[in-house]
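**Q** quick check, what structure comes out for this input:
(chains A and B)
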There are 2 protein chains.
Amino acid sequence: MKTFQHYLDIINQAIAAIPYPERPHQLYEPISYHMALGGKRVRPVLVMMACDAMGGNFLEALDAAVGLEMFHNFTLLHDDVMDNADVRRGKPTVHRRWNDNTAILSGDTMLTIATQYIARTMSWPVMELFNKTAIEIYEGQQWDMDYEHRNDVTVAEYINMIRLKTSVLLGCALKMGALIADADDSQADLLYDAGVNMGLAFQLRDDVLDVWGDPKTFGKEIGGDIMNNKKTFLLINAMQLAQGDDADELRHWLNDNYASRDDKVAGVTAMYERLGVRELAEEAIARYNDMAVAAFNQLKMNEDDKTAFVALANKLSGRTY
Amino acid sequence: MKTFQHYLDIINQAIAAIPYPERPHQLYEPISYHMALGGKRVRPVLVMMACDAMGGNFLEALDAAVGLEMFHNFTLLHDDVMDNADVRRGKPTVHRRWNDNTAILSGDTMLTIATQYIARTMSWPVMELFNKTAIEIYEGQQWDMDYEHRNDVTVAEYINMIRLKTSVLLGCALKMGALIADADDSQADLLYDAGVNMGLAFQLRDDVLDVWGDPKTFGKEIGGDIMNNKKTFLLINAMQLAQGDDADELRHWLNDNYASRDDKVAGVTAMYERLGVRELAEEAIARYNDMAVAAFNQLKMNEDDKTAFVALANKLSGRTY
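**A** Here you go, the predicted structure:
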């Protein structure tokens, strides 16, 4: 297997070379703007890694990889409209730089372009996996929006939501690479499980970093979830664990619209530490990461490839940061 | 070939039987609400008619037909957000009854469900045609939005816009039926041309009915395009033809935000009649309808089938209303 960077370079080159039509300018410029914002490109790299590790020609997985990254960026474009987000990767979001209608229509176009790239694989199982995963991601986004208005979300509901919204796409990426390599179903399914567990650990790490991350490397402002009362793994556990004075204080932070950012972030962070929810999150991350690693270790592939996947899982779950 | 109603009943039954998941309710309820609003279902009927006329088993075209109708309804859902429309087929639009976010996300879901139905044909040419047509429709919608801000739109630009936004989907429907029936490329392409010309006549008839239609049968309020200064075939021609006092009066109607609805609709309608743009529209409709009829007549199919297609083209172009 090649290095992450090797696949990444090929993918970035392919993304930069996507031949968008010149006109209508207002439709295609936002797409190329958004695709040029960069990002880790984890999903397309996973497609190529899995294809390579399963004995396929990873260049045959390039279209699927680009399609999956285009799809991921479509979901970000529409999510940014729905969340009314101003900034994405340090630049104005498409709906801020242009407008909501542009973000809606350019997003729709990205979904169909993504489908065109996926269709180039000429594999119905790949197409089926892609469509099924897309539906799950919309469901996850819907649950996420539903949970904003509920105060009784359980940890199980939250885990199911992030599984749909974030994790299945990592599972899909790995399985897609395996399908393109004509791997056995058992191998493709193991890779899918590995990807989903890796995705759960990755998203829970994101919850943790939003509170305790290094502002220099996190990429977003620390405390964003706290300010938005976002029902993360941390808040849901805290709401269940807080008793007496703690419960009163937590209710106060959730309802006080006039608290300063510094006060609220510091207050809620201190409570999370007092209640031990950071440890609960670390335990959950370790558990999901262990499951991902176990799945990778069960796969029939050479030891170097296993080591590379395990290293990536560890990195995404944040152990090496 | 069966009657329009025969195919329609099968399609309506299939649409009513789509097995939406129960949850998340907020995602799927708007989809089933919108799909139940009805509509003429012209596109899915065209898929089945073309498949039947080309010697295929029209029931094998049912999935593609349902997929295409789902796709059409997705575009309506997102267009209603972009146009800020309140009413669709006499009922509140999805974004009014729920909200913009629901309309965006449920619409995305409909696009992927549509793709799943299209994929069931297991035909890559069908999938390719579908994706290409979808991209053209987004481009047409973008041109339509661009033209709102321009006063120098030409008739050729307008025709190209409605070709993309409306007509190619009718061409796609007919060609899709032919592909499913394994018809020759020459036959599939003739059906595509027939559909596109039929679609142009259909959309131009819509422009005319917005001004001179019967309020009881048109389904929308008369004069909507006039009140919105929509750059229709009529307005674009009027802007080019109006001279002297007419030009001053037309400028007045376009810029007077305080004119009463009755005054503005009556004033602009009188000007259209004075300038002869209604006749120009009728000539254009007849020309496109004739091209559609000529294409149908060139096809290798039995005479009854040709007659049925020609009757439908005449009906859609409004000659028999």
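
**Q** right, and A:M48 touches A:F58 too?
**A** Yes: between A:M48 and A:F58 there is a contact under CB atoms under 8 Å: 4.4 Å. For glycine as for every other residue, the C-beta is placed from the backbone atoms N, C-alpha and C.

**Q** now do the shared contacts for the two.
**A** Common contacts of A:M48 and A:F58 (CB atoms under 8 Å, 6 or more residues apart in numbering or on different chains): A:7, A:177.

**Q** which one's more surrounded, these two?
**A** A:M48 (29 against 23; other CB atoms under 10 Å in any protein chain shown).

**Q** where does the more buried one land in three-state SS?
**A** Put simply, A:M48 is helix when judged by DSSP: H, G, I helix; E, B strand; the rest coil.

**Q** quick one, what contacts A:L111?
**A** Per CB under 8 Å, 6+ apart, neighbours of A:L111: A:71, A:74, A:134, B:108, B:111-112.

**Q** among these, which lie within helices?
**A** A:71, A:74, A:134, B:108, B:111-112 (DSSP state H).

**Q** now for these: which two are most distant?
**A** The distance between the two most remote of the ones in helices among the contacts of A:L111 (CB to CB) is 11.6 Å, for A:F71 and B:L111.

**Q** who does the longest helix along chain A touch, helix- and strand-wise?
**A** The residue-count maximum for a helix in chain A (DSSP H) belongs to helix A:185-212. Contact here means 3 or more CB pairs under 8 Å, 6 or more residues apart in numbering or on different chains; DSSP states H and E; on that basis helix A:185-212 packs against helix A:155-162, helix A:168-180, helix A:224-227, helix A:233-241, helix A:261-275, helix A:277-298, helix A:303-316.

**Q** contacts for the lowest-mean-pLDDT helix or strand in chain A, please.
**A** Ranked by mean pLDDT, DSSP states H and E, the weakest helix or strand in chain A is helix A:215-218, scoring a mean of 79. With contacts defined as CB under 8 Å, 6+ apart, helix A:215-218 is touched by A:209-210, A:221-222, A:321.

**Q** how about the residues of chain A by chain B?
**A** Chain A comes close to chain B at residues A:21, A:24, A:26-27, A:78, A:81-82, A:100-101, A:104-105, A:107-109, A:111-113, A:115-116, A:119, A:122, A:124, A:127-128, A:131, A:134-135, A:138-139, A:141-143, A:145-146, as judged by CB under 8 Å from any CB of the partner chain.

**Q** mind putting the helices and strands packed on helix A:185-212 into a markdown table with mean neighbour count and mean pLDDT?
**A** Output for the helices and strands packed on helix A:185-212, formatted as a markdown table (neighbours: other CB atoms under 10 Å in any protein chain shown; pLDDT from 0 to 100):
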| stretch | mean neighbour count | mean pLDDT |
| --- | --- | --- |
| helix A:155-162 | 17 | 98 |
| helix A:168-180 | 28 | 98 |
| helix A:224-227 | 18 | 93 |
| helix A:233-241 | 21 | 97 |
| helix A:261-275 | 16 | 96 |
| helix A:277-298 | 19 | 98 |
| helix A:303-316 | 17 | 97 |
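
**Q** so which of these comes closest to B:N237?
**A** helix A:168-180 (49.7 Å).

**Q** what segments of the stretch 1-150 of chain A are helices?
**A** A:4-16, A:25-35, A:42-53, A:62-82, A:94-97, A:100-119, A:124-148 (DSSP state H, counting those that start in this stretch).

**Q** how near is the nearest residue to A:F202 once chain neighbours are set aside to chain B?
**A** What sits nearest to A:F202 in space, not counting adjacent residues and going by CB to CB, 6 or more residues apart in numbering or on different chains, is A:L316, at 4.4 Å. Distance, A:L316 to chain B, by CB to the nearest CB, to the nearest Å: 26 Å.

**Q** check A:Q203 too.
**A** Noted for A:Q203: a distance of 19 Å to chain B, by CB to the nearest CB.

**Q** do you know the pLDDT at that residue?
**A** In the predicted model, A:Q203 carries a pLDDT score of 97.

**Q** what sits against it?
**A** Applying CB under 8 Å, 6+ apart, we find A:Q203 in contact with A:162, A:165-167.

**Q** and the spatially most central residue of chain A, what does it touch?
**A** Centroid-nearest residue in chain A, with CA atoms, centre = their mean: A:T166, separated by 4.2 Å. A:T166 makes contact with A:140, A:199-200, A:202-203 under the criterion CB under 8 Å, 6+ apart.

**Q** what's the closest of those to chain B?
**A** A:G140 (9.1 Å; CB to the nearest CB).

**Q** residue ranges with poor pLDDT in chain A?
**A** A:219, A:319-321 (pLDDT under 70).
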